[in-house]
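*Asks:* Need a 3D model of the following:
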Amino acid sequence: MRTCRLAASLLAADLGRLEQEVQRVEKALVDSIHIDVMDGHFVPYFALGAEVVQAVRRLTRLPIEVHLMIQQPDRYARTFVEAGADLLIVHLEAYHHPQRTLRTIRDMGCQAALAINPMTLVEKTYSLLDEVDQLLCMSVNPGFMGQPFIIEVLEKVRLAQAYRDKNHLSYNISIDGGVTDETIGPCVTAGANQVVVGRPIFTQKDACDATRLLRARANEVGAGG
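*Replies:* Here you go, the predicted structure:
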């Protein structure tokens, strides 16, 4: 049976109630916390930073994945690893040498992930996939909340799964953007074993009910339903 991990995107949380929000998703039994970092250059907005990662690290034992939507991830990788990231995600499209950055992250004892934007061909990642613990496929354009899910991204997931299986690799495949109880099923069917979910968890009164619904929808597909 295929299973799907849930990463709770902190960007959708009430950051003025950070401790309570972290406790809420812990009780909802999410698998990890996803923190988006934006520099105002790679994406138009500026959001979160190392101090938020440090604060969340003090609040939880859940794995923390940090998504660097910044132009020069190689310059700041160490800062976020030292802040408490368990997995650091860098973009193929950023201004850096991706292979060197991924190796540097792993050399620091942190898991490394590669992200690609909706318009980037997944084939461009193939030479790097033996360096990663996770491939993250953006299913919305990065930096903007509330966008609809780009269904064409699912073909990238299928290709990434086929490449992984053919080459006996073990990276996880994650989807980030527009994932809801309606879109999580197609994500799992395509081959994703993790999804990043924000508003469908944090904006709900009962986060436990929200995650149960998401897992139920994912498990229906994972079990062949």
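*Asks:* what mean pLDDT does the lengthiest strand in the chain have?
*Replies:* In terms of residue count, the longest strand belonging to the chain (DSSP state E) is strand 32-39. What strand 32-39 shows for mean pLDDT is 94.
*Asks:* Past that strand, which element shows up next along the chain?
*Replies:* Sequence-wise, the next helix or strand downstream of strand 32-39 (DSSP states H and E) is strand 46-47.
*Asks:* And the longest strand of the chain, what does it pack against?
*Replies:* Counting contacts by 3 or more C-beta pairs under 8 Å, 6 or more residues apart in numbering; DSSP states H and E, strand 32-39 packs against strand 5-9, strand 46-47, helix 50-59, strand 64-69. C-betas here are computed from N, CA, C, even on glycine.
*Asks:* Return the most buried member of those.
*Replies:* strand 64-69 (a mean of 27; mean count of other C-beta atoms under 10 Å).
*Asks:* what's the angle between it and strand 5-9?
*Replies:* Counting by axes from the mean of the first three to the mean of the last three C-alpha atoms, to 10 degrees, strand 64-69 lies at 60 degrees to strand 5-9.
*Asks:* what packs against strand 64-69?
*Replies:* strand 32-39, helix 50-59, helix 73-83, strand 87-91.
*Asks:* Format the ones you listed as CSV; extra columns: distance to G177.
*Replies:* Formatted as CSV, the helices and strands packed on strand 64-69 follow (distance: least, C-beta to C-beta, whole Å):
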stretch, distance to G177
strand 32-39, 11
helix 50-59, 20
helix 73-83, 19
strand 87-91, 13
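*Asks:* Quick one: closest of these to M108.
*Replies:* Nearest of the helices and strands packed on strand 64-69 to M108, taken as C-beta to C-beta: helix 73-83 at 4.8 Å.
*Asks:* Quick check: which of the helices and strands packed on strand 32-39 is nearest to H168?
*Replies:* Here strand 5-9 is closest among the helices and strands packed on strand 32-39 (C-beta to C-beta), at 21.5 Å.
*Asks:* I'd like the average pLDDT over stretch 97-105.
*Replies:* Taken as a whole, stretch 97-105 has an average pLDDT of 97.
*Asks:* Of the helices and strands packed on strand 32-39, which is nearest C187?
*Replies:* Short answer: strand 5-9, nearest of those by C-beta to C-beta, at 11.2 Å.
*Asks:* Just the CA trace of that closest one, in CSV.
*Replies:* The C-alpha coordinates for strand 5-9 follow below in CSV (Å, rounded to 0.1, in the frame of the first residue of the first chain):
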residue,chain,number,x,y,z
ARG,A,5,3.3,11.9,4.3
LEU,A,6,1.9,15.3,5.2
ALA,A,7,4.1,18.3,5.7
ALA,A,8,2.3,21.3,7.3
SER,A,9,3.2,24.6,5.6
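*Asks:* least trustworthy helix or strand in the chain by mean pLDDT?
*Replies:* In the chain, the helix or strand scored least confidently by mean pLDDT, DSSP states H and E is strand 46-47, which has a mean of 73.
*Asks:* elements contacting that one?
*Replies:* strand 32-39.
*Asks:* Which strands border the strand it packs on, and is each parallel or antiparallel?
*Replies:* strand 5-9 (parallel), strand 46-47 (antiparallel), strand 64-69 (parallel) (DSSP bridges).
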